[in-house]
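Novice: Dropping a prediction and its sequence here:
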Amino acid sequence: MEDTGFLYHSWAESYVGYWLSVDPTLGQVNVDATHIKLIEGEDVQSLSPLVNIVGRVQASINGYEPQ
């Protein structure tokens, strides 16, 4: 997010004949390219490995093509 940095949060994937990513936090159905899946799971234990990378992930934009 501009002037904020990389934010971590979870979003849902619902099966509706195909998998559809839905982010109720940001009000997005079929989430955009800012959603990068780092880990997948259904409970706190399956998500706990994320603790090892929070604050260490860096990303850079190598190109941009407006739509």
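Specialist: In hand now; what should we look at? In this text, all values refer to a predicted model and were calculated from it rather than measured experimentally. Residues are numbered from 1 along each chain as shown.

Novice: give me the number of residues near Pro49?
Specialist: A count of nearby residues for Pro49, using other C-beta atoms under 10 Å, gives 11. Yep, even glycine has a C-beta here, placed from its N, CA and C like the rest.

Novice: And for the one 10 residues further on?
Specialist: The tally of other residues near Ala59 (other C-beta under 10 Å) stands at 9.

Novice: Now do the phi/psi pair for it.
Specialist: Backbone torsions of Ala59, given as degrees, to the nearest 10, read phi -140, psi 150.

Novice: cool, and Tyr15?
Specialist: Given degrees, to the nearest 10, the pair of backbone angles that Tyr15 has is phi -90, psi 120.

Novice: Leu47 now?
Specialist: When quoted as degrees, to the nearest 10, the phi and psi of Leu47 stand at phi -90, psi -10.

Novice: Now it: closest residue in space, sequence neighbours ignored.
Specialist: Leaving out its chain neighbours, the residue that sits closest to Leu47 by C-beta to C-beta, 6 or more residues apart in numbering is Gly41, at 4.7 Å.

Novice: Could you look up the SS state of the one you found?
Specialist: Taking DSSP: H, G, I helix; E, B strand; the rest coil as the rule, one finds Gly41 in the coil state.
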